[in-house]
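1. Predicted model and sequence below, questions to follow.
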Amino acid sequence: MRAVRLRTVDLKNPLGIDDAAPMLSWNCEGGKKQRAYQLRVTDAVSGELFFDSGRVESDTMRCAYGGKELKSRTRAAWSVTIWDETGEAETSEGQRDGGQQCAGAGNDPVRQTSLLPDL
C-alpha cells in the first residue's frame, strides 16, 4: 500500500493559503486498509524537521499540521508513511522541486510558505 494524491488543504497546488495548521491529506493505493500513518514535514532546503506526528493508529487519511510555525517564504516538504492491514509500511517517495504551496499564518499578504508533498 502506498500514499497517492497528496494534498494541502484539499488542493493539489494551492497558493496563498493563510493557515497556521493546514490540513494535509492523501489517498491509499494497493492493500486493503490503512491501519496507521506517520506524517513528517521538513524544510525542503535544509532538511530541518518541522513536524513529526509519530505513528498514529488510524485509518484516517488526513492530518492537521501541528509543528513549528511556518515562517514566511519557507519551503517545506512533507511525506507520509502508511501501514497496511498486514503491518507493512511504505513511505511516499518525493520530488521537492514542484507541487503544493500554501501561505504561512498571519495577515501579511506577502507571507508564503510552500508545502511540497514528498510524492
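-> Here it is on my side, so go on.
2. check contacts around Gly87.
-> Arg35 (CB atoms under 8 Å, 6 or more residues apart in numbering). C-beta: built from backbone N, CA, C; applies to glycine.
3. The residue nearest the centre of the chain - nearest residue in space that isn't next to it in sequence?
-> Nearest residue to the geometric centre of the chain (CA atoms, centre = their mean): Trp78, 4.0 Å. Leaving aside its sequence neighbours, Trp78 sits nearest to Val41 (CB to CB, 6 or more residues apart in numbering; 4.4 Å).
4. Go ahead and confirm that neighbour touches Phe51.
-> Yes: Val41 is within contact range of Phe51, at 4.2 Å (criterion: CB atoms under 8 Å).
5. Between these two, which is the more surrounded one?
-> Val41 (27 against 19; other CB atoms under 10 Å).
6. residues contacting the more buried one?
-> The contact partners of Val41, by CB under 8 Å, 6+ apart, come to 24, 49-52, 65, 67, 76-78, 115.
7. Mind doing that once more with 6 Å?
-> Each residue near Val41 by CB atoms under 6 Å, 6 or more residues apart in numbering is listed here: 50-51, 67, 76, 78.
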